[in-house]
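> sharing a model prediction with you, sequence too.
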Amino acid sequence: MASRNGFGVQKVRDGLRWMIWGPRVLARGTWDLITLFRGGELSEAMEPWLECPLVDDVPFEKIAAEGMDAVFFDLENTLVPPGGPFTAEGRAVIARARQAGLRVGVVSNASAAWVPTALGAEGIPCVAPAGKPAKGAFLEACAMVGVAPDRSVYVGDQVITDVLGSQRAGMRAVLVHPKYTKEFLSAKFQRLVVRVIKRVTRN
């Protein structure tokens with residue numbers, strides 16, 4: 001039975017899976033931030049190539065005109081609501097990217113059991129759970145669709161896992177605002193960390 005806010009029993013189970021798996025992602029992200037901060041490269045690594053209000057506003061034709069071959073997406077709060085499912089709105093975004101001549105894929109930290117099945121049914125290659133911001137998953141996704149990282153763009157709503165992770169892998173990052181108001185605590189925590197980092201690096 002689904003709860004009033006849309007997070008049903010399966011989504012609670014998926015949340016528990018993230019509680020077990022998520023600390024590894026957070027630990028990796030913290031280590032990456034420390035490494036970049038010590039090297040004085042943190043501010044640059046967190047600056048996206050392009051910023052758009054929402055994923056619906058990403059100019060895929062412009063991206064293709066820049067010589068890019070593929071666009072990869074974050075999943076939750078970029079293409080779909082936190083916890084899913086894959087929606088008609090997400091399909092419309094993927095369709096626009098494909099119409100621009102771009103290959104598509106998803107690189108997501110979502111550990112939910114529905115992700116590979118749902119994306120496979122849509123014909124969308126995916127790496128999930130990805131362990132972002134570690135760059136290995138981004139490189140794996142590029143290899144899956146046969147493109148070089150420097151000819152690829154990654155679209156996501158988080159600075160640390162999406163912008164930092166993809167640009168360290170050699171991709172260009174497009175930062176979008178979160179599409180939905182509800183999100184998991186881990187996502188809110190990331191946004192808090194980014195605000196603190198920006199305040200510190202400005203001083």
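Noted; the coordinates are in hand.
> every contact and neighbour count from this point should use C-alpha atoms.
Fine.
> what mean pLDDT does stretch 59-76 get?
Averaged over stretch 59-76, pLDDT sits at 97.
> would you mind writing the CA trace of it as PDB?
Only the C-alpha atoms of stretch 59-76 are listed here, as PDB (Å, rounded to 0.1, in the frame of the first residue of the first chain):
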ATOM      1  CA  PRO A  59      19.600  22.900 -25.200                       C
ATOM      2  CA  PHE A  60      20.400  19.600 -26.700                       C
ATOM      3  CA  GLU A  61      20.700  21.100 -30.200                       C
ATOM      4  CA  LYS A  62      23.400  23.400 -28.900                       C
ATOM      5  CA  ILE A  63      25.200  20.600 -27.200                       C
ATOM      6  CA  ALA A  64      25.200  18.600 -30.400                       C
ATOM      7  CA  ALA A  65      26.400  21.700 -32.300                       C
ATOM      8  CA  GLU A  66      29.400  21.900 -29.800                       C
ATOM      9  CA  GLY A  67      30.500  18.500 -31.200                       C
ATOM     10  CA  MET A  68      29.200  16.400 -28.400                       C
ATOM     11  CA  ASP A  69      28.200  12.800 -29.200                       C
ATOM     12  CA  ALA A  70      26.300  11.800 -26.100                       C
ATOM     13  CA  VAL A  71      24.400  13.100 -23.100                       C
ATOM     14  CA  PHE A  72      24.100  11.200 -19.800                       C
ATOM     15  CA  PHE A  73      21.600  12.000 -17.000                       C
ATOM     16  CA  ASP A  74      21.300  11.800 -13.300                       C
ATOM     17  CA  LEU A  75      18.000  10.100 -12.500                       C
ATOM     18  CA  GLU A  76      16.200  11.200  -9.300                       C
END
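> pull out the buried residues from it.
For stretch 59-76, burial by neighbour count (16 or more other C-alpha atoms under 10 Å) applies to 60-61, 63-64, 68-76.
> turn the residues you listed into TSV, columns for secondary structure.
Listed next are the buried residues of stretch 59-76 as TSV, based on DSSP: H, G, I helix; E, B strand; the rest coil:
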residue	secondary structure
60	helix
61	helix
63	helix
64	helix
68	coil
69	coil
70	strand
71	strand
72	strand
73	strand
74	coil
75	coil
76	strand
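> list just the nearest of those residues to residue 125.
Comparing the buried residues of stretch 59-76 against residue 125 with C-alpha to C-alpha picks out residue 72 as the nearest, at 9.4 Å.
> isn't that closest one up against residue 98?
No - if you go by C-alpha atoms under 8 Å, residue 72 and residue 98 don't touch, sitting 11.3 Å apart.
> any shared contact partners between the two?
Taking C-alpha atoms under 8 Å, 6 or more residues apart in numbering as the contact rule, residue 72 and residue 98 both touch residue 104.
> tell me which stretches of this protein form strands.
Counting by DSSP state E, the chain has strands at residues 50-52, 70-73, 103-107, 126-127, 152-156, 172-176.
> now stretch 86-95 - C-alpha only, PDB.
Provided in PDB are the C-alpha atoms of stretch 86-95 (Å, rounded to 0.1, in the frame of the first residue of the first chain):
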ATOM      1  CA  PHE A  86      10.100   6.600 -14.800                       C
ATOM      2  CA  THR A  87       7.600   9.100 -16.100                       C
ATOM      3  CA  ALA A  88       6.300  10.500 -19.400                       C
ATOM      4  CA  GLU A  89       8.200  13.700 -18.600                       C
ATOM      5  CA  GLY A  90      11.400  11.800 -18.400                       C
ATOM      6  CA  ARG A  91      10.600  10.000 -21.700                       C
ATOM      7  CA  ALA A  92      10.100  13.400 -23.400                       C
ATOM      8  CA  VAL A  93      13.500  14.700 -22.300                       C
ATOM      9  CA  ILE A  94      15.200  11.500 -23.500                       C
ATOM     10  CA  ALA A  95      13.300  11.800 -26.800                       C
END
